[in-house]
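[1] quick check, what structure comes out for this input:
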Amino acid sequence: MSTGDGVAGQWGGVDVHFGEEGGRLTYGSYLRLAELLDQQRLESDPPAHDELLFITIHQVYELWFKQVLHELTASRDAMLAGEHWLAEHLLRRVHTIERVLTQQVDILETMTPQDFGEFRHRLSPASGFQSVQFREIEFLSGAKDPSFVRRFRGLTEIEKDRLRRRLEEPTLWDAYLDVLGKSGFDTDSEDAIRDALRKVAGDRSHYAAIWELAEALVQHDELAAAWRARHVVMVERMIGTKPGTGGSSGANYLRSRLDLRYYPLLWNLRSNL
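    Here you go, the predicted model:
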(Lines give C-alpha, C1' and ligand atoms only; values in the text may rest on other atoms or scores of the structure.)
Protein backbone atom coordinates (compact mmCIF):
# COMPACT_ATOMS: atom_id res chain seq x y z
CA MET A 1 0.00 0.00 0.00
CA SER A 2 1.42 3.40 -1.01
CA THR A 3 1.05 6.64 0.96
CA GLY A 4 2.30 9.68 -0.98
CA ASP A 5 6.00 9.19 -1.71
CA GLY A 6 6.34 6.72 1.13
CA VAL A 7 5.56 3.03 1.41
CA ALA A 8 3.51 1.58 4.25
CA GLY A 9 2.68 -2.00 5.01
CA GLN A 10 2.69 -4.88 7.47
CA TRP A 11 6.01 -6.42 8.51
CA GLY A 12 5.76 -9.14 11.08
CA GLY A 13 2.40 -7.80 12.16
CA VAL A 14 3.78 -4.30 12.76
CA ASP A 15 2.92 -1.23 10.70
CA VAL A 16 6.12 -0.11 8.95
CA HIS A 17 6.63 3.12 7.00
CA PHE A 18 9.52 3.84 4.62
CA GLY A 19 10.13 7.28 3.09
CA GLU A 20 8.01 8.77 5.88
CA GLU A 21 5.30 11.11 4.64
CA GLY A 22 7.12 11.89 1.41
CA GLY A 23 10.31 13.06 3.14
CA ARG A 24 13.17 13.70 0.70
CA LEU A 25 16.09 12.74 2.97
CA THR A 26 17.06 9.06 2.92
CA TYR A 27 19.72 7.04 4.68
CA GLY A 28 21.77 6.86 1.50
CA SER A 29 21.42 10.52 0.57
CA TYR A 30 22.21 11.71 4.11
CA LEU A 31 25.42 9.65 4.23
CA ARG A 32 26.28 10.34 0.57
CA LEU A 33 26.64 6.59 0.11
CA ALA A 34 26.74 6.68 -3.67
CA GLU A 35 29.79 8.97 -3.54
CA LEU A 36 31.37 7.21 -0.55
CA LEU A 37 31.15 3.72 -2.01
CA ASP A 38 32.62 4.92 -5.29
CA GLN A 39 35.90 5.98 -3.68
CA GLN A 40 37.55 2.56 -3.47
CA ARG A 41 39.47 2.61 -6.75
CA LEU A 42 41.91 -0.25 -7.22
CA GLU A 43 45.30 0.34 -8.85
CA SER A 44 46.02 -3.33 -9.55
CA ASP A 45 45.28 -4.79 -12.98
CA PRO A 46 44.01 -7.45 -12.94
CA PRO A 47 42.35 -6.51 -9.62
CA ALA A 48 44.05 -8.04 -6.58
CA HIS A 49 41.41 -9.41 -4.22
CA ASP A 50 42.88 -7.86 -1.05
CA GLU A 51 43.45 -4.37 -2.43
CA LEU A 52 39.84 -3.46 -1.61
CA LEU A 53 40.47 -4.43 2.02
CA PHE A 54 43.66 -2.34 2.08
CA ILE A 55 41.93 0.75 0.68
CA THR A 56 38.88 0.36 2.90
CA ILE A 57 40.93 0.06 6.09
CA HIS A 58 42.95 3.16 5.32
CA GLN A 59 39.94 5.21 4.27
CA VAL A 60 38.23 4.22 7.51
CA TYR A 61 41.38 5.32 9.38
CA GLU A 62 41.17 8.71 7.74
CA LEU A 63 37.50 9.05 8.67
CA TRP A 64 38.34 8.25 12.29
CA PHE A 65 41.27 10.68 12.16
CA LYS A 66 38.81 13.37 11.09
CA GLN A 67 36.61 12.57 14.08
CA VAL A 68 39.60 12.49 16.45
CA LEU A 69 40.70 15.92 15.24
CA HIS A 70 37.15 17.21 15.73
CA GLU A 71 37.06 15.93 19.33
CA LEU A 72 40.62 16.92 20.29
CA THR A 73 40.13 20.44 18.95
CA ALA A 74 36.89 20.78 20.90
CA SER A 75 38.54 19.36 24.03
CA ARG A 76 41.37 21.86 23.78
CA ASP A 77 38.92 24.71 23.30
CA ALA A 78 36.86 23.51 26.27
CA MET A 79 39.97 23.58 28.48
CA LEU A 80 40.75 27.12 27.34
CA ALA A 81 37.14 28.09 28.15
CA GLY A 82 37.30 26.56 31.63
CA GLU A 83 34.87 23.74 30.78
CA HIS A 84 36.94 21.00 32.34
CA TRP A 85 34.16 18.38 32.45
CA LEU A 86 33.53 18.76 28.71
CA ALA A 87 37.22 18.59 27.87
CA GLU A 88 37.57 15.33 29.79
CA HIS A 89 34.37 13.90 28.29
CA LEU A 90 35.63 14.51 24.75
CA LEU A 91 39.03 13.03 25.52
CA ARG A 92 37.32 9.88 26.84
CA ARG A 93 35.50 9.62 23.51
CA VAL A 94 38.84 9.89 21.70
CA HIS A 95 40.20 7.05 23.86
CA THR A 96 37.40 4.78 22.64
CA ILE A 97 38.12 5.67 19.01
CA GLU A 98 41.85 5.08 19.52
CA ARG A 99 41.15 1.58 20.81
CA VAL A 100 39.16 0.91 17.64
CA LEU A 101 42.08 2.20 15.54
CA THR A 102 44.39 -0.34 17.16
CA GLN A 103 41.88 -3.17 16.78
CA GLN A 104 41.53 -2.44 13.06
CA VAL A 105 45.08 -3.72 12.59
CA ASP A 106 43.71 -7.21 13.32
CA ILE A 107 41.56 -6.96 10.20
CA LEU A 108 44.48 -5.81 8.08
CA GLU A 109 46.56 -8.75 9.29
CA THR A 110 44.10 -11.18 7.71
CA MET A 111 45.94 -10.19 4.51
CA THR A 112 49.06 -12.31 4.01
CA PRO A 113 52.43 -10.95 2.83
CA GLN A 114 51.84 -12.79 -0.45
CA ASP A 115 48.43 -11.15 -0.88
CA PHE A 116 49.91 -7.72 -0.16
CA GLY A 117 52.72 -8.41 -2.60
CA GLU A 118 50.23 -8.75 -5.44
CA PHE A 119 49.59 -4.99 -5.45
CA ARG A 120 52.15 -3.32 -3.16
CA HIS A 121 54.37 -2.32 -6.08
CA ARG A 122 51.45 -0.27 -7.42
CA LEU A 123 51.40 1.98 -4.34
CA SER A 124 54.78 3.71 -4.75
CA PRO A 125 55.46 6.50 -3.93
CA ALA A 126 52.29 6.74 -1.77
CA SER A 127 52.82 6.03 1.92
CA GLY A 128 51.02 6.27 5.25
CA PHE A 129 53.81 8.67 6.20
CA GLN A 130 51.98 11.19 4.03
CA SER A 131 48.77 11.20 6.08
CA VAL A 132 48.17 14.88 6.80
CA GLN A 133 45.44 14.22 9.34
CA PHE A 134 47.72 11.92 11.34
CA ARG A 135 50.31 14.71 11.46
CA GLU A 136 47.60 17.14 12.55
CA ILE A 137 46.74 14.84 15.44
CA GLU A 138 50.39 14.72 16.49
CA PHE A 139 50.77 18.51 16.21
CA LEU A 140 47.55 19.17 18.15
CA SER A 141 48.55 16.65 20.81
CA GLY A 142 51.83 18.46 21.38
CA ALA A 143 54.40 16.85 19.06
CA LYS A 144 54.84 19.67 16.57
CA ASP A 145 57.34 19.07 13.78
CA PRO A 146 57.73 22.00 11.34
CA SER A 147 60.25 19.99 9.31
CA PHE A 148 57.46 17.70 8.09
CA VAL A 149 55.90 20.58 6.17
CA ARG A 150 59.27 21.43 4.61
CA ARG A 151 60.33 17.88 3.80
CA PHE A 152 57.16 16.51 2.26
CA ARG A 153 56.88 17.87 -1.29
CA GLY A 154 53.59 16.15 -2.12
CA LEU A 155 51.44 18.43 0.04
CA THR A 156 48.75 20.51 -1.61
CA GLU A 157 48.48 24.18 -0.66
CA ILE A 158 45.34 23.39 1.34
CA GLU A 159 47.20 20.67 3.26
CA LYS A 160 50.14 22.98 3.91
CA ASP A 161 47.79 25.63 5.26
CA ARG A 162 46.12 23.09 7.56
CA LEU A 163 49.45 21.97 8.98
CA ARG A 164 50.71 25.54 9.38
CA ARG A 165 47.56 26.41 11.33
CA ARG A 166 48.14 23.42 13.61
CA LEU A 167 51.72 24.54 14.16
CA GLU A 168 50.57 28.04 15.11
CA GLU A 169 47.60 27.22 17.30
CA PRO A 170 47.65 26.03 20.94
CA THR A 171 48.14 22.33 21.62
CA LEU A 172 46.30 20.21 24.15
CA TRP A 173 49.30 20.67 26.45
CA ASP A 174 49.14 24.45 26.06
CA ALA A 175 45.47 24.28 27.03
CA TYR A 176 46.25 22.15 30.08
CA LEU A 177 48.91 24.62 31.20
CA ASP A 178 46.25 27.32 30.84
CA VAL A 179 44.03 25.28 33.18
CA LEU A 180 46.87 25.09 35.71
CA GLY A 181 47.58 28.81 35.39
CA LYS A 182 43.95 29.80 35.90
CA SER A 183 43.89 27.57 38.99
CA GLY A 184 46.65 29.65 40.56
CA PHE A 185 49.71 27.62 39.66
CA ASP A 186 52.95 29.01 38.25
CA THR A 187 53.65 27.55 34.77
CA ASP A 188 56.54 29.79 33.69
CA SER A 189 59.14 27.01 33.80
CA GLU A 190 59.35 23.22 33.70
CA ASP A 191 60.32 23.15 37.38
CA ALA A 192 57.27 25.22 38.25
CA ILE A 193 55.04 22.92 36.18
CA ARG A 194 56.51 19.85 37.89
CA ASP A 195 55.79 21.41 41.26
CA ALA A 196 52.22 22.23 40.20
CA LEU A 197 51.63 18.68 38.99
CA ARG A 198 52.94 17.24 42.27
CA LYS A 199 50.54 19.47 44.21
CA VAL A 200 47.60 18.45 42.02
CA ALA A 201 48.48 14.76 42.39
CA GLY A 202 48.93 15.15 46.14
CA ASP A 203 45.52 16.73 46.70
CA ARG A 204 43.13 15.04 44.30
CA SER A 205 40.10 15.83 46.43
CA HIS A 206 40.75 19.55 45.94
CA TYR A 207 42.02 19.38 42.36
CA ALA A 208 39.88 16.48 41.11
CA ALA A 209 38.97 18.00 37.74
CA ILE A 210 42.55 19.03 36.99
CA TRP A 211 43.89 15.61 37.97
CA GLU A 212 41.32 13.78 35.83
CA LEU A 213 42.22 15.96 32.86
CA ALA A 214 45.87 15.03 33.32
CA GLU A 215 44.95 11.36 33.46
CA ALA A 216 42.85 11.71 30.30
CA LEU A 217 45.83 13.26 28.50
CA VAL A 218 48.09 10.43 29.65
CA GLN A 219 45.52 7.91 28.42
CA HIS A 220 45.46 9.62 25.02
CA ASP A 221 49.26 9.46 24.95
CA GLU A 222 49.32 5.80 25.99
CA LEU A 223 46.76 4.74 23.41
CA ALA A 224 48.65 6.60 20.66
CA ALA A 225 51.81 4.76 21.72
CA ALA A 226 49.93 1.44 21.72
CA TRP A 227 48.76 2.08 18.16
CA ARG A 228 52.31 2.89 17.01
CA ALA A 229 53.63 -0.30 18.63
CA ARG A 230 50.87 -2.46 17.12
CA HIS A 231 51.37 -0.84 13.74
CA VAL A 232 55.11 -1.47 13.56
CA VAL A 233 54.70 -5.16 14.41
CA MET A 234 52.07 -5.49 11.68
CA VAL A 235 54.43 -3.83 9.18
CA GLU A 236 57.26 -6.19 10.14
CA ARG A 237 54.93 -9.15 9.75
CA MET A 238 53.80 -7.89 6.35
CA ILE A 239 57.03 -6.67 4.68
CA GLY A 240 59.86 -7.52 7.08
CA THR A 241 62.75 -5.08 6.70
CA LYS A 242 61.84 -3.83 3.21
CA PRO A 243 61.79 -0.05 2.66
CA GLY A 244 58.42 1.72 2.78
CA THR A 245 56.63 2.50 -0.47
CA GLY A 246 57.21 6.21 0.14
CA GLY A 247 60.97 5.75 0.41
CA SER A 248 61.25 5.59 4.20
CA SER A 249 63.17 2.83 5.96
CA GLY A 250 59.88 1.09 6.70
CA ALA A 251 59.67 -0.67 10.05
CA ASN A 252 62.96 0.87 11.17
CA TYR A 253 61.49 4.36 10.82
CA LEU A 254 58.35 3.31 12.66
CA ARG A 255 60.42 1.83 15.49
CA SER A 256 62.25 5.15 15.84
CA ARG A 257 58.87 6.71 16.76
CA LEU A 258 57.98 4.24 19.50
CA ASP A 259 59.46 6.32 22.32
CA LEU A 260 57.50 9.44 21.35
CA ARG A 261 55.51 10.86 24.26
CA TYR A 262 53.24 13.87 23.99
CA TYR A 263 53.36 14.73 27.69
CA PRO A 264 56.73 13.72 29.19
CA LEU A 265 56.16 15.79 32.34
CA LEU A 266 53.02 13.82 33.13
CA TRP A 267 54.93 10.57 32.64
CA ASN A 268 57.88 11.78 34.74
CA LEU A 269 55.45 12.69 37.50
CA ARG A 270 54.95 8.97 38.14
CA SER A 271 58.52 8.65 39.40
CA ASN A 272 57.81 11.19 42.14
CA LEU A 273 54.50 9.88 43.47
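[2] let me see the ranges of the helices in the stretch 1-150 of the chain.
    Secondary structure of the stretch 1-150 of the chain (DSSP state H, counting those that start in this stretch): helices at 27-30, 33-36, 51-80, 84-108, 113-117, 132-141, 146-151.
[3] figure out which of those is closest to residue 212.
    Ranking these by proximity to residue 212 (CB to CB) places helix 84-108 first, at 5.5 Å. Where C-beta positions appear, they are placed from N, C-alpha and C, glycine not excepted.
[4] name the helices or strands packed onto that closest one?
    helix 51-80, helix 208-239 (3 or more CB pairs under 8 Å, 6 or more residues apart in numbering; DSSP states H and E).
[5] will you turn those helices into TSV that also has distance to residue 34?
    What follows is those, written out as TSV (distance: least, CB to CB, whole Å):
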stretch	distance to residue 34
helix 51-80	16
helix 208-239	32
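[6] any idea how far residue 32 is from residue 38?
    10 Å (CB to CB, to the nearest Å).
[7] circling back to that earlier point, could you dump the helices and strands packed on helix 84-108 into a markdown table and include mean pLDDT?
    Output for the helices and strands packed on helix 84-108, formatted as a markdown table (pLDDT from 0 to 100):
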| stretch | mean pLDDT |
| --- | --- |
| helix 51-80 | 97 |
| helix 208-239 | 94 |
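[8] tell me how far the most centrally placed residue in the chain lies from residue 72.
    Centroid-nearest residue in the chain: residue 65, 3.8 Å away (criterion: CA atoms, centre = their mean). Distance of residue 65 to residue 72, computed by CB to CB: 10 Å.
[9] repeat for residue 273
    Distance, residue 273 to residue 72, using CB to CB: 26 Å.
[10] kindly report the same for residue 238.
    Separation of residue 238 from residue 72 (CB to CB): 29 Å.
[11] more neighbours: which of those two?
    Higher neighbour count among residue 238 and residue 72: residue 72, with 22 against 19, using other CB atoms under 10 Å.
[12] now the more buried one, nearest residue through space, not along the chain?
    residue 140 (5.3 Å; CB to CB, 6 or more residues apart in numbering).
[13] run a quick check on the one you found versus residue 69, I expect a contact.
    Yes. Using CB atoms under 8 Å, residue 140 is in contact with residue 69, at 6.8 Å.
[14] looking at those two, which is more packed in?
    residue 140 (24 against 18).
[15] can you pull the contacts of the more buried one?
    Neighbour list for residue 140: 69, 72, 73, 76, 166, 169, 171, 172 [criterion: CB atoms under 8 Å, 6 or more residues apart in numbering].
[16] now swap in residue 84 and tell me
    Here residue 84 is in contact with 78, 179, 209, 210, 212, 213 (CB under 8 Å, 6+ apart).
[17] list just the nearest of the residues you listed to residue 130.
    Nearest to residue 130 among the contacts of residue 84, with distances taken as CB to CB, is residue 78, at 30.7 Å.
[18] that closest one - how many residues pack around it?
    Other residues lying near residue 78 total 20 when counted by other CB under 10 Å.
[19] okay, it and residue 156: tell me how far apart.
    Between residue 78 and residue 156 the computed distance is 30 Å (CB to CB).
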